[in-house]
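Engineer: sharing a model that was predicted from the sequence below.
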Amino acid sequence: MASKKYLGIFWGSNSLSVVETENQIPQKFLTIPFDGQASTSVLKKTPDDKTLAATLTKTLRENKVTTSQISLSLPSKDIIFRSFAIPWMNPQEIKGVVEFESRKYIPFKLAELAYTFHTITINEKTTRFIRVLFAAIRNDLLESYCSLLEGCGLHVVFMEPASLSLVRALTFKKLLARDKRIVIIQLDPKEGKIIVVNQGIPQFIRDFPMLMETEKPETDKEILYARLLNEIRISLDYYGRQYMQEKMDGIIILSSFQDELLPQNLEREFGLSTQSVNSSSILNTPEAGSLELAYAYGIGLAGTVSLPANFTFSRKPIQFGKTKEAEEKTPVNLQSLAKVLIVCVFLVGGAFFMLNRPVQQQRAQFSALYEKQKSFQELTKEAIEQKTQEISQKLASYKNVRIHSEMTFFLTAIPQLLPPGVWLKDISIRYLDISVPPVNPVPENQKQRPFKIFVGLAGYAFHENANQQIRLVNGLVTNLKEHKEFVLFFDSIDLVTAQSQFLEKDPVTYFRIDCK
């Protein structure tokens with residue numbers, strides 16, 4: 001049985017990197033530079049895009065690359081990567097909470113993004129919470145990348161951030177241990193990247209410039225080294241505050257240029273074992289080439305090498321192994337077509353039969369109504385008047401059935417007023433009929449309403465410091481009282497009870513608030 005080939009493509013800053021892999025071994029390496037102003041702006045459909053597509057098609061043909069299904073590694077500049085914490089909860093509830101919380105950390109609507117996330121349960125002394133790693137890319141960007149490649153006859157079947165592709169390649173080559181907490185530092189002449197990987201999962205990604213806009217490539221080496229040390233310290237300090245001061249196990253330097261003293265200096269500065277890796281170590285090539293080829297190689301391993309975390313982007317449901325060409329060449333099944341025609345004949349005949357059904361139903365309803373009315377022939381005038389009065393009372397009660405409600409407003413407003421760490425267990429909304437006009441002035445929005453509304457809220461508050469939990473509850477009460485529209489419905493908003501409890505061994509504060 002012939003081995004399957006995988007084609008990985010990375011869209012870099014100045015070129016496309018293409019690696020064809022067979023049996024997890026890179027066979028062909030292609031670098032296709034962008035021409036002039038083509039750059040990475042795939043959103044601007046210009047003649048340069050057509051030129052790039054033509055160049056890519058020609059290069060693949062000349063190098064006898066026949067694989068049409070590709071995996072695409074997306075550049076970090078287009079990826080939104082965020083890390084945030086949410087309270088511990090059941091797995092079924094996580095997706096909705098993540099989608100709600102993510103709106104605080106991203107500048108786009110979720111409908112405009114293709115996004116994915118990975119969750120990690122954290123146990124810190126008596127506290128348990130969930131760390132969310134959220135990755136997203138704009139739909140229009142994703143579609144632009146795919147459209148240009150598909151215009152070259154390529155079918156995009158897998159897409160992920162480039163940082164995942166790099167981690168996969170390093171892990172497969174046993175340059176990155178899965179049970180270690182490693183800092184990957186990637187250096188190019190103009191920019192750098194810091195990736196913190198824990199248990200094979202990228203948990204922190206940060207890009208930074210190596211050269212400022214006004215600086216030249218000949219900038220003093222000591223200045224660049226000091227800038228690098230400062231960026232590493234800032235990144236590790238931020239990561240430590242987010243992840244309970246976790247210590248690193250080592251540093252991996254990925255550089256497109258040689259600096260034999262850099263590993264020694266970093267090891268001395270941070271006290272961590274440091275190793276230097278170049279593209280030849282990853283791709284088994286005699287000479288070191290562009291690190292962007294390592295991204296293309298890593299995404300090409302996606303079909304055979306898995307990672308603990310999956311950050312796969314998708315435009316629509318995709319299946320491996322079935323190409324567009326195969327679908328177009330599927331022969332017409334004449335036997336199936338004949339069966340369909342026979343079914344259509346029966347459907348047409350059935351339609352004529354079904355047209356008579358409404359007539360038969362109307363006749364049956366008329367007969368039933370006639371039988372009901374026959375019973376009134378034997379009634380006296382008083383009995384008929386009594387039945388008429390009973391029917392009128394029922395009709396009046398039906399007319400008083402409430403068909404409008406403010407529940408949509410409450411269900412929308414209340415979640416927005418919850419402080420972080422507070423969640424609701426129960427919401428009770430009841431309408432109370434007003435039989436006696438109120439003595440106090442009626443709010444403007446209730447002057448035309450013959451009823452009042454009662455809202456009862458019950459839930460829990462959690463904080464690492466148990467003494468701060470009642471502060472969160474009082475904050476919710478304050479938010480309710482200060483909401484301009486919410487308070488118009490009530491004369492009073494009171495905290496009825498607040499008591500300490502344990503919820504699955506975690507100390508929480510149970511509360512109940514009545515809004516009357």
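Structural biologist: The structure has been received and is ready for your questions. Numbering: from 1, shown residues only.
Engineer: so what's Glu267 closest to, chain neighbours aside?
Structural biologist: Spatial nearest neighbour of Glu267, excluding adjacent residues (CB to CB, 6 or more residues apart in numbering): Thr274 at 4.3 Å. Backbone N, C-alpha and C define where each C-beta goes, glycine included.
Engineer: how close does that neighbour get to Leu254?
Structural biologist: Counting by CB to CB, to the nearest Å, the separation of Thr274 from Leu254 is 12 Å.
Engineer: more neighbours: which of those two?
Structural biologist: The neighbour comparison of Thr274 against Leu254 (other CB atoms under 10 Å) goes to Leu254, with 23 against 20.
Engineer: can I get the one helix or strand that one maps to in CSV, CA atoms only?
Structural biologist: Element membership of Leu254 [criterion: DSSP states H and E] is strand 250-255. Included here for strand 250-255 are C-alpha records, laid out as CSV according to Å, rounded to 0.1, in the frame of the first residue of the first chain:
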residue,chain,number,x,y,z
GLY,A,250,14.4,25.2,30.2
ILE,A,251,14.8,27.5,27.2
ILE,A,252,14.9,26.6,23.5
ILE,A,253,16.3,29.2,21.1
LEU,A,254,15.2,29.1,17.5
SER,A,255,17.2,31.6,15.5
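Engineer: on that earlier part again, so the residue nearest to Glu267 makes contact with Leu266?
Structural biologist: Yes. Between Thr274 and Leu266 a contact is recorded at 4.9 Å, counting by CB atoms under 8 Å.
Engineer: list the pairing partners of the strand holding Leu254 within its sheet, with orientation.
Structural biologist: Sheet pairing here is set by DSSP bridges, and for strand 250-255 it gives strand 181-187 (parallel), strand 274-277 (parallel).
Engineer: please identify the most buried of the ones you listed.
Structural biologist: strand 181-187 (a mean of 21; mean count of other CB atoms under 10 Å).
Engineer: all helices for this protein, in order.
Structural biologist: When secondary structure is read from DSSP state H, the chain shows helices at 47-62, 91-102, 139-150, 162-172, 221-242, 261-270, 279-283, 292-300, 324-328, 334-355, 357-374, 381-399, 407-416, 469-482.
Engineer: distance between the fifth one and the chain's centre?
Structural biologist: Taking the mean of its C-alpha atoms, helix 221-242 sits 30 Å from the chain's own mean (CA atoms, centre = their mean, to the nearest Å).
Engineer: show me what it is packed up against.
Structural biologist: In terms of contacts (3 or more CB pairs under 8 Å, 6 or more residues apart in numbering; DSSP states H and E), helix 221-242 is packed against strand 181-187, strand 191-198, strand 201-209, helix 261-270.
Engineer: adding mean pLDDT, write the ones you listed out as a markdown table.
Structural biologist: Conversion of the helices and strands packed on helix 221-242 to a markdown table gives the following (pLDDT from 0 to 100):
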| stretch | mean pLDDT |
| --- | --- |
| strand 181-187 | 92 |
| strand 191-198 | 90 |
| strand 201-209 | 89 |
| helix 261-270 | 88 |
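Engineer: closest one to Leu164 among those?
Structural biologist: Proximity to Leu164, assessed across the helices and strands packed on helix 221-242 by CB to CB, is greatest for strand 201-209 (6.5 Å).
Engineer: other residues contacting that closest one?
Structural biologist: The contact list for strand 201-209 (CB atoms under 8 Å, 6 or more residues apart in numbering) reads 76-77, 79, 81, 83, 118, 120, 131, 133, 163-164, 167, 190-197, 231, 235, 238-239, 242-243, 307-309.
Engineer: same deal with stretch 80-88?
Structural biologist: Among residues not part of stretch 80-88, those counted as contacts by CB under 8 Å, 6+ apart are 94, 97-98, 101-102, 104-106, 108, 113, 121-122, 128-137, 161, 163, 203-205, 242, 421, 423, 462, 506.
Engineer: could I have the buried ones of those as PyMOL selection syntax?
Structural biologist: The following PyMOL command selects only the buried members of the contacts of stretch 80-88, with burial defined by 16 or more other CB atoms under 10 Å:
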select buried, resi 94+98+101+102+113+129+130+131+132+133+134+135+136+137+161+163+203+204+205+242+421+423+462+506
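Engineer: any idea which helix or strand in the protein has the lowest mean pLDDT?
Structural biologist: Among the helices and strands of the chain, helix 324-328 carries the lowest confidence by mean pLDDT, DSSP states H and E, at a mean of 39.
Engineer: residues near Lys247, how many?
Structural biologist: Summarising burial for Lys247: neighbours were counted as other CB under 10 Å, giving 9.
Engineer: distance of the closest residue to Ser255 other than its chain neighbours from Ser273?
Structural biologist: On the basis of CB to CB, 6+ apart, the spatially nearest residue to Ser255 that is not a chain neighbour turns out to be Leu187, at 4.4 Å. To Ser273, Leu187 is 18 Å away according to CB to CB.
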